[in-house]
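Asks: pasting the sequence and the predicted model now:
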Amino acid sequence: MIYFPGCKINLGLNIISKRNDGYHNLETVFYPLPLKDAVEIIRSADAPPEKDVEFTTSGLAIRGGESDNLCIRAYTIIKKDFPGLPKIKMHLHKNIPMGAGLGGGSADGAFVLKLLNDKFKLGLSEEKLMAYALQLGSDCPFFINNRPAYAEGRGDLLQPLPLDLSGYRFVLVNPGIHVKTSEAFAAVKPGKPSVNVREVVSQPVATWRNLLKNDFEAGVAALHPEIADIKEILYKSGAVYASMTGSGSTVFGIFPFGFNQAFLFPGHYIVVVL
């Protein structure tokens with residue numbers, strides 16, 4: 001069985017306050033986009049006794065060891081409550097850049113939860129899958145439903161949002177910079193914005209430019225000027241809105257449908273038009 005985890009962008013991202021548990025309260029709008037990885041799971045008939053998951057990958061290189069991989073952790077979480085879960089072979093083909101603010105790893109982990117539930121008929125509800133997903137990471141629950149949502153708390157308190165941007169095209173530009181989360185937070189001063197992001201995205205996209213902000217963007221751009229350069233090129237190319245997503249380093253532009261524009265970026269940048 002094969003599933004195709006997608007990615008997300010943040011439409012606005014406000015860091016509201018520091019929490020007692022060390023995390024931050026935030027508000028943002030998650031919007032899914034169809035840049036996809038692929039994950040396949042089959043039963044393993046010849047797995048070594050000490051290994052429940054034989055994990056292989058292709059596509060973009062994946063950082064970290066298997067113990068850190070959210071796909072394997074998703075299996076481990078389910079296995080605790082379903083000890084009869086069979087040994088498996090899992091293959092992940094990676095298209096979504098990592099450490100890029102697109103949530104690709106979170107999507108992979110969340111979709112493995114859904115895939116295991118469906119393949120082995122575990123009968124888990126969406127609510128239970130979201131609880132498992134939260135154990136993987138704050139933005140993982142979003143990918144269980146995978147529809148536009150307004151998020152609060154750590155990003156785990158989700159409210160469905162009737163936001164349809166299918167009349168636009170998206171350009172994603174990733175400069176290959178890995179932004180450390182600690183660096184991104186170091187430049188942010190938490191505070192409540194004058195206008196809530198949910199209110200802003202209810203207005204026409206053409207009004208977002210001066211209203212919809214990502215609190216991480218200024219600090220990250222100060223460390224990596226490429227971020228601001230990409231954003232300016234997107235605006236000069238006709239974007240009605242452009243922003244960094246998450247803690248970076250991907251920058252996206254929203255363009256009128258039917259635009260025809262060639263983009264001049266360095267050859268090592270990943271540029272995707274959706």
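Replies: That came through fine. Since the model is a prediction, treat every value here as computed from it, not as a measurement.
Asks: list the beta-bridge partners for the closest residue to F263 other than its chain neighbours.
Replies: The shortest distance from F263 to any residue other than its chain neighbours is 5.9 Å, reached at V271 (C-beta to C-beta, 6 or more residues apart in numbering). C-betas here are computed from N, CA, C, even on glycine. Assessed by DSSP bridges, V271 has beta-bridge partners V173.
Asks: ranges for the helices of this structure?
Replies: Listed in chain order, the helices of the chain (DSSP state H) span 70-81, 104-119, 126-136, 142-145, 181-186, 197-201, 217-223, 226-236.
Asks: and these, which one is worst for confidence?
Replies: By mean pLDDT, the lowest-scoring of the helices of the chain turns out to be helix 181-186, with a mean of 83.
Asks: centroid-nearest residue for this structure?
Replies: The chain has G103 as the residue nearest its centroid, 1.8 Å off, counting by C-alpha atoms, centre = their mean.
Asks: for the residue lying closest to that one once chain neighbours are set aside, grab the count of nearby residues.
Replies: Closest residue to G103 apart from its sequence neighbours, by C-beta to C-beta, 6+ apart: K8 at 4.6 Å. The number of residues packed around K8, counting by other C-beta atoms under 10 Å, is 27.
Asks: K8 and S182: what is the separation?
Replies: With distances taken as C-beta to C-beta, to the nearest Å, K8 is found 22 Å from S182.
Asks: repeat that for L234.
Replies: 27 Å.
Asks: which one of these two has more residues nearby?
Replies: L234 (23 against 8).
Asks: dump the residue contacts of the residue nearest to the centre of the chain.
Replies: Each residue near G103 by C-beta atoms under 8 Å, 6 or more residues apart in numbering is listed here: C7, K8, F30, D139, F142, F143, G246.
Asks: do the same with V195
Replies: Counting by C-beta under 8 Å, 6+ apart, V195 touches L211.
Asks: repeat that with 10 Å
Replies: Residues in contact with V195, defined by C-beta atoms under 10 Å, 6 or more residues apart in numbering, are G12, N14, Q203, L211, L212, K213.
Asks: okay, the helices of the chain in a markdown table with distance to K87 next?
Replies: Shown next, in a markdown table, are the helices of the chain (distance: least, C-beta to C-beta, whole Å):
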| stretch | distance to K87 |
| --- | --- |
| helix 70-81 | 10 |
| helix 104-119 | 12 |
| helix 126-136 | 19 |
| helix 142-145 | 25 |
| helix 181-186 | 34 |
| helix 197-201 | 44 |
| helix 217-223 | 42 |
| helix 226-236 | 44 |
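Asks: can you check which of the ones you listed gets nearest to P256?
Replies: Smallest distance to P256 across the helices of the chain (C-beta to C-beta): 12.9 Å, for helix 226-236.
Asks: just the CA atoms of that closest one, as CSV, please.
Replies: The C-alpha trace of helix 226-236 is given here as CSV (Å, rounded to 0.1, in the frame of the first residue of the first chain):
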residue,chain,number,x,y,z
GLU,A,226,19.0,35.1,0.4
ILE,A,227,15.5,34.9,2.0
ALA,A,228,14.8,38.6,1.4
ASP,A,229,16.3,38.4,-2.1
ILE,A,230,14.0,35.5,-3.1
LYS,A,231,10.9,37.3,-1.7
GLU,A,232,11.8,40.4,-3.7
ILE,A,233,12.2,38.4,-6.9
LEU,A,234,8.9,36.7,-6.4
TYR,A,235,7.1,40.1,-6.0
LYS,A,236,8.9,41.6,-9.0
